[in-house]
Each structure stands twice: as structure tokens, then as C-alpha cells.
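Asks: My questions are about this predicted structure, shown below with the sequence.
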Amino acid sequence: MKRSKVNQIMREAEAFLKQHQFYLPPFAHWTPEDWQAKGEEACEIADHGLGWDITDFGLGKYDEFGLLLFTIRNGDKANLAQGRGKVYAEKILLVGDHQMTPFHFHWHKTEDIINRGGGKLMLRLFNSTEDEGLAETDIQVSLDGVVHTFKAGDTVCLNPGESITLTTGLYHNFWAEDGMVLAGEVSTVNDDHTDNRFYEPVGRFSEIEEDEPPLHLLIGDYAQYYQPARA
């Protein structure tokens, strides 16, 4: 993706979030120069992958296959192992009208996906087989605390205010209809480097072509711009 496209997506996202009165934390608005001036006090943001994450899944067609995520908070695996500390994560996702996120599941993460406003959020579901294929078995999921049973490959529609719990090993893809969706994700600790199993091979993080300076940093930019002296 070109950096100019990433910057454009960020500007449009900020306008959409303002329209829906959803406010990001202060570090969302830091410039690259702000990051270069930060010290060790900001390590949690970089170490835990908080911030902007914009991907076209390596397919080069963001408007058709893409997703904007912003990780607001996230613990780490050590917390989960100890059963204490920050064992959760929270993201917001902007899902464009008919913009697809490809089929995937998580080996470790259980997540609630919430439609927080905008259009309808559509999800298609399959259980996974032992060899990580698509199973033809019925699916049981919780929608806002009520258990529902669906056939393999059924599509679930979440209207604003509705949510679904996606457990480990449950394949899902999703898209929006009737306008962009502001979606929330509340989950156990998130690791996007090792805990995404895509049904068809795609790239989780996009390669960025630097045709203009960054507006705000993506989580993949921290290593270049943020190099604090650590104790």
C-alpha cells in the first residue's frame, strides 16, 4: 500500500469516528516527531502493538479486501500464563461497505465482536476440522448471551448494538452492508503475528510504499521511529 493511501484512510477514519462520537486515546494522534521524542514511558504502546493497523492482506485491493484496526489496549501472554494482570485486549475496527476480511480463525484468542454503529456487520461462519479445513458441522455461538445454532457457512447479521462471541478454531470472515460499520473487539490477549490462521494464504501486514511522510505511525513503523533508551 502507498503511504498516501494509508494517510487518506486515517483521515477518513478520524472523521467517521468523530461522527459516531468515538474518541481514540491521545497516542492515536501523535506524529512521527512526537514518537521520536518519547522515552521509555511509552514502551507499552510499542511492545504490546497498540495503535493503528491498516491492512490490505497483501492483495493490493484495500477497498475490496482490507480492514482498519486500532488496538486500544492489550496485555501479553505472560499475563495469561500467570492468570493475573492485563489478560484482555480491546480494538475498534472500521469495516467498509462490502469490504471483506478473509476467512480466518484464532488458535488462542476468544473475542466478542460488537457492532457499535453504522451499517450491518455480516459474518460467515464455519467450524474448523482437525487439519484446519472448513467443517460441515453445525455451529453454536452466543449472540449477546443467547446461544444460537447455525448451519456450516451460514451468514449472521449484527445490527448496531448486537454482538457475537467467536471462540478458538471458529472460521469467520466479515464485511459491512448498508454503510461502513464501527465494530468493537473485546478479547483475550491479542497476538496478530502468531495467532491468525487464514484459510487461504494472505499477508496479515501490508508492505508500505513510502510516497509521502506518515500522518500517524502504524504499529509496524514503531521500530523505525521509536527507539527509547531502556533501563
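Replies: Received it, and whenever you're ready, just let me know what you need.
Asks: Every contact and neighbour count from this point should use C-alpha atoms.
Replies: Noted.
Asks: Can you tell me how far Cys43 is from Lys61?
Replies: Distance, Cys43 to Lys61, by CA to CA, to the nearest Å: 33 Å.
Asks: again but with Met10, I slipped
Replies: For Met10, the distance to Lys61 equals 17 Å [CA to CA].
Asks: Which one of the two is surrounded by more residues?
Replies: Shown here are Met10 and Lys61; by other CA atoms under 10 Å, Met10 has more neighbours (18 against 13).
Asks: Pretty sure the more buried one sits in a helix.
Replies: Yes. Under DSSP: H, G, I helix; E, B strand; the rest coil, Met10 sits within a helix.
Asks: list the contacts for it?
Replies: Met10 makes contacts with Leu215, as judged by CA atoms under 8 Å, 6 or more residues apart in numbering.
Asks: And the strands in the chain?
Replies: Using DSSP state E, the strands of the chain run over residues 51-55, 67-74, 88-95, 101-105, 111-127, 139-143, 146-150, 155-158, 163-166, 170-188, 197-198.
Asks: now the ones you listed as CSV including mean pLDDT, mean neighbour count and distance to Gly39?
Replies: Shown next, in CSV, are the strands of the chain (pLDDT from 0 to 100; neighbours: other CA atoms under 10 Å; distance: least, CA to CA, whole Å):
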stretch, mean pLDDT, mean neighbour count, distance to Gly39
strand 51-55, 98, 23, 17
strand 67-74, 98, 21, 19
strand 88-95, 98, 22, 24
strand 101-105, 98, 22, 35
strand 111-127, 98, 23, 32
strand 139-143, 98, 17, 43
strand 146-150, 98, 11, 46
strand 155-158, 98, 18, 42
strand 163-166, 98, 21, 37
strand 170-188, 98, 21, 28
strand 197-198, 97, 18, 35
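Asks: Relative to Ser206, which of those strands is closest?
Replies: Counting by CA to CA, Ser206 lies closest to strand 51-55 out of the strands of the chain; the figure is 5.3 Å.
Asks: Go ahead and measure how far that closest one is from the middle of the chain.
Replies: Its chain's C-alpha centre and that of strand 51-55 lie 8 Å apart, by CA atoms, centre = their mean, to the nearest Å.
Asks: Check which helices and strands it sits against.
Replies: strand 67-74 (3 or more CA pairs under 8 Å, 6 or more residues apart in numbering; DSSP states H and E).
Asks: in its sheet, what does the strand it packs on sit against?
Replies: Applying DSSP bridges, strand 67-74 is found paired with strand 51-55 (antiparallel), strand 88-95 (antiparallel).
Asks: Would you mind naming the residues that bridge with the residue most central in space within the chain?
Replies: The residue lying closest to the centre of the chain (CA atoms, centre = their mean) is Leu69, at 4.1 Å. Counting by DSSP bridges, Leu69 is bridged to Asp53, Leu93.
Asks: how far away is Thr149 from Ala42?
Replies: Distance from Thr149 to Ala42, counting by CA to CA: 44 Å.
Asks: Check Asp53 too.
Replies: The value you get for Asp53 to Ala42, if CA to CA is used, is 18 Å.
Asks: now Ala176
Replies: Computed as CA to CA, the Ala176 to Ala42 distance reads 34 Å.
Asks: Over to Gln140?
Replies: On the measure of CA to CA, Gln140 and Ala42 end up 41 Å apart.
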